[in-house]
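Colleague: 3D model of this:
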Amino acid sequence: MHRITRVALTALLATPALIATQTTTASAATTTASCSGNGCDGRNPNSTGCSATAITAEEVEVVDSSSGADDGELQLRYSTACRTTWARFVAPSAQILVATIRVVRNHNQLDFQADSGGAISYSSTLGQYFDYTNMLYDGNTTSDAQINLLGSDGSQVNAMTPSF
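Modeller: Alright, predicted model coming up:
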């Protein structure tokens with residue numbers, strides 16, 4: 001998956017009304033974020049407002065190789081307003097015991113992790129269980145998401161998204 005820059009996104013929009021809507025939405029989302037740049041490192045994407053412009057930049061299915069069980073989905077989330085990334089794991093049941101979820105900035109290996117200790121939260125919006133990390137500023141670099149968990153059958157499962 002490739003990043004769509006604001007210039008490329010504007011070029012894709014065909015009518016002035018759509019361009020005006022896109023610009024208004026982007027500026028409204030920017031004003032709600034309480035951090036920017038490296039000031040977002042280590043901060044919560046929800047409490048800062050950065051999650052309001054989040055997209056799933058990369059994702060991988062987390063499958064237990066020994067049983068073939070679908071243990072969930074690892075996502076690398078990206079905020080277009082804050083230019084930040086974070087890792088999010090979405091699971092179909094609370095039976096998944098998440099050990100560690102990490103987001104890693106590739107050029108300097110700075111990372112933030114969520115250690116849920118087996119307790120993942122339920123989201124009525126997602127209709128699934130989830131956990132996520134704090135953010136890393138992603139301007140002019142790439143990041144990836146990583147997970148290490150105990151699968152539904154007790155085996156250890158590791159996964160990593162492509163870099164974005």
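Colleague: Nearest residue to the middle of this structure?
Modeller: In the chain, the centroid-proximal residue (CA atoms, centre = their mean) is residue 77; its distance is 2.2 Å.
Colleague: name the helices or strands packed onto the strand or helix carrying it?
Modeller: Element membership of residue 77, judged by DSSP states H and E, is strand 70-79. With contacts taken as 3 or more CB pairs under 8 Å, 6 or more residues apart in numbering; DSSP states H and E, strand 70-79 sits against strand 54-63, strand 84-91, strand 128-132, strand 143-150, strand 156-160. C-betas here are computed from N, CA, C, even on glycine.
Colleague: just these: most buried one?
Modeller: strand 84-91 (a mean of 27; mean count of other CB atoms under 10 Å).
Colleague: For stretch 102-117, could you pull out the residues that count as buried?
Modeller: Using 16 or more other CB atoms under 10 Å as the test for burial, stretch 102-117 gives 102, 103, 104, 105, 110, 112, 113, 114, 116.
Colleague: can you redo those residues as TSV with distance to residue 73?
Modeller: Converted to TSV, the buried residues of stretch 102-117 look like this (distance: CB to CB, whole Å):
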residue	distance to residue 73
102	16
103	15
104	18
105	22
110	24
112	19
113	18
114	15
116	16
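Colleague: ok, residue 56 - contacts?
Modeller: 75, 76, 77, 78 (CB atoms under 8 Å, 6 or more residues apart in numbering).
Colleague: ok, and the most crowded of these?
Modeller: residue 76 (28 neighbours; other CB atoms under 10 Å).
Colleague: what bridges to that one?
Modeller: On the basis of DSSP bridges, residue 76 is bridged to residue 58, residue 87.
Colleague: re the thing from before, out of the buried residues of stretch 102-117, name the ones that lie in strands.
Modeller: 102, 103, 104, 105, 112, 113, 114 (DSSP state E).
Colleague: of those, closest to residue 158?
Modeller: Nearest to residue 158 out of those is residue 102 (CB to CB; 10.9 Å).
Colleague: Isn't the closest one up against residue 133?
Modeller: Yes - contact criterion CB atoms under 8 Å: residue 102 and residue 133 qualify, at 6.5 Å.
Colleague: Report the spatially nearest residue to residue 100, omitting neighbours in sequence.
Modeller: Excluding its sequence neighbours, the residue lying closest to residue 100 (CB to CB, 6 or more residues apart in numbering) is residue 148, at 4.8 Å.
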